[in-house]
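J.: Sequence plus predicted model, see below.
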Amino acid sequence: MTSFKIDADIKVRWDEGQSSYSPGNPEELALIAIDLLVRELGNKAAQQFIGQVFEKYSHPTAAHP
């Protein structure tokens, strides 16, 4: 498994204010992305969207058994 560090500065602005995020690893980046997705689409629509991503990777390929 490859190990890496993410160096990102994410700024999000909306009508109610703004937030800043600095994820350091893929897990933190995913949590930020999911948080923003739920905020934008709502819980059910975000779950459906994320379900599509899981479906994409649910079938093993030669490269990723």
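T.: Thanks, I have it.
J.: Gly24 touches Phe4, doesn't it?
T.: No. Counting by CB atoms under 8 Å, Phe4 is not a contact partner of Gly24; they are 10.3 Å apart. For the C-beta atoms, the positions are set from N, CA and C on the backbone; glycine is no exception.
J.: Give me the more crowded residue out of the two.
T.: Gly24 (11 against 7; other CB atoms under 10 Å).
J.: list the contacts for the more buried one?
T.: By CB atoms under 8 Å, 6 or more residues apart in numbering, Gly24 lies in contact with Lys5, Ile6, Asp7.
J.: count of neighbours near the second one?
T.: By that I understand Ile6. 12.
J.: that older thread, which single one of the contacts of Gly24 is nearest to Tyr57?
T.: Ile6 (19.9 Å; CB to CB).
J.: Kindly list the main-chain dihedrals of the closest one?
T.: Dihedral pair for Ile6: phi -100, psi 130, per degrees, to the nearest 10.
J.: Quick one, grab the pLDDT at it.
T.: As predicted, Ile6 sits at a pLDDT of 85.
J.: separation between the closest residue to it other than its chain neighbours and Phe49?
T.: Leaving aside its chain neighbours, Ile6 sits nearest to Pro23 (5.3 Å; criterion: CB to CB, 6 or more residues apart in numbering). Taking CB to CB, to the nearest Å as the measure, Pro23 falls 20 Å from Phe49.
J.: quick one: which of the two has more around it?
T.: Pro23 (18 against 14).
J.: got the contact list for the more buried one?
T.: So Pro23 contacts Ile6, Ala8, Ile10, Leu29, Leu31, Ile32 (CB under 8 Å, 6+ apart).
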